[in-house]
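# give me coordinates for this.
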Amino acid sequence: MIHTATLTPTPTALRPSTPAPGTGNGQTAGCAGCTVRWPVGTNAAHCPTCHLSFASVGGFDAHRTGPIDRRRCLDSTELHNLGYAPNDRGRWRIPLDPDAAARLTGTWTP
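Now for the predicted structure:
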């Protein structure tokens, strides 16, 4: 008679909970070409070509210009001329229209 081993499932140990990706858990991403780092899980974007950082992916996308075969980055002077400005973290942001800025700062009146 041949005995075969019976496998019984063993309970797995409870895993410690992990915080959601982002600034709460300290995870960061970085650029291989410079020393800039940003929190994982945010909308921040960094350009590996010109090494400017943006507060949003939209701002990053908008700073690339030209035909697809000759795309280039807008420089900081061009960004300023379009109304862009770095925020308090040094990330360039898309300009807000005056009404949107007033709503965000609580000074808007309908």
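# CA atoms for contacts and neighbours, from now on please.
OK.
# so what's the residue most central in space within the chain up against?
Nearest residue to the geometric centre of the chain (C-alpha atoms, centre = their mean): Ala44, 2.3 Å. Ala44 makes contact with 38, 53-57, 91, according to C-alpha atoms under 8 Å, 6 or more residues apart in numbering.
# for Gly30, give the beta-bridge partners.
Per DSSP bridges, the residues bridged to Gly30 are Arg37.
# count of neighbours near it?
Using other C-alpha atoms under 10 Å, Gly30 is surrounded by 14 other residues.
# do you know how far it is from Ala45?
10 Å (C-alpha to C-alpha, to the nearest Å).
# mind listing which of the contacts of Ala44 are in helices?
Val57 (DSSP state H).
# which single one of the contacts of Ala44 is nearest to Pro67?
Val57 (19.5 Å; C-alpha to C-alpha).
# now do the helices in this protein.
With DSSP H as the criterion, the chain has helices spanning 57-62, 76-81, 98-105.
# next, format the ones you listed as CSV and append mean neighbour count and distance to Asn87.
Converted to CSV, these look like this (neighbours: other C-alpha atoms under 10 Å; distance: least, C-alpha to C-alpha, whole Å):
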stretch, mean neighbour count, distance to Asn87
helix 57-62, 16, 12
helix 76-81, 14, 12
helix 98-105, 12, 13
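# any chance of those helices in JSON lines, plus distance to Arg70?
Formatted as JSON lines, those follow (distance: least, C-alpha to C-alpha, whole Å):
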{"stretch": "helix 57-62", "distance to Arg70": "15"}
{"stretch": "helix 76-81", "distance to Arg70": "17"}
{"stretch": "helix 98-105", "distance to Arg70": "34"}
